[in-house]
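[1] Sequence and predicted structure below; questions after.
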Amino acid sequence: MNNPRPFRAIPIGKKHFVYGWYFRLGPEGNKSHYILQEKNACWYNPTMTSHDEESITGFIEVIPSTVGQRVGLQDKNKKEIYCGDKIRQLVTKTPKDMYEDFVVIYDIASFKLQNQDGTVKFLEWPACVCLEIISNIHTEEQA
């Protein structure tokens, strides 16, 4: 594992995220994508093919486009933030609060917030006290 941060993704044929370590297995150009949940043990046979079910224990095949890495920060409600989360930030506190919505992205070796017009800014710890996860780009369920 190159990066010790857990990931999440939606399994093939399912609607809800699973959480754990992310792996790509199989021959180059035909890799399958998996999450190994932390609670599961596994045995890996390096000679396996991506569809050798007997060689995979605890691996859950996932939709590659739904894989999101945990950022390492929490929103104002103490929920872990992942790439792909839709975030609402309090911009001004006046008699009428104003908010701006962003999506968490990974860009040029850092986690950032991107708004609807494409403007990107860094995701920084002090700002997290004003951030709230409202959903994610893969489902419209509450995250």
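    Sure thing, it's come through.

[2] What strands line up against the lengthiest strand in the chain, and which way round?
    Ranked by number of residues, the top strand in the chain under DSSP state E is strand 98-107. Strand pairing for strand 98-107, determined by DSSP bridges: strand 85-92 (antiparallel), strand 110-115 (antiparallel).

[3] Map the structural domains onto the sequence of this structure.
    The record's domain parsing of the chain by automatic domain parsing lists 7-65, 68-136.

[4] Any chance of TSV for the ones you listed, columns mean neighbour count and mean pLDDT?
    In short, each C-beta sits where N, CA and C put it, glycine included. Shown next, in TSV, are these (neighbours: other CB atoms under 10 Å; pLDDT from 0 to 100):
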stretch	mean neighbour count	mean pLDDT
domain 7-65	15	78
domain 68-136	15	86
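
[5] can you tell which of the strands paired with strand 98-107 is closest to residue 37?
    Closest approach to residue 37 among the strands paired with strand 98-107 (CB to CB): strand 85-92, 19.9 Å.

[6] CA atoms of the closest one as CSV?
    Output in CSV follows, covering the C-alpha atoms of strand 85-92 (Å, rounded to 0.1, in the frame of the first residue of the first chain):
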residue,chain,number,x,y,z
ASP,A,85,-18.2,14.4,-0.8
LYS,A,86,-20.4,17.4,-1.5
ILE,A,87,-19.6,20.0,1.2
ARG,A,88,-21.5,23.1,2.3
GLN,A,89,-19.4,25.9,3.8
LEU,A,90,-20.6,28.9,5.7
VAL,A,91,-19.3,31.9,3.8
THR,A,92,-20.6,34.8,5.7
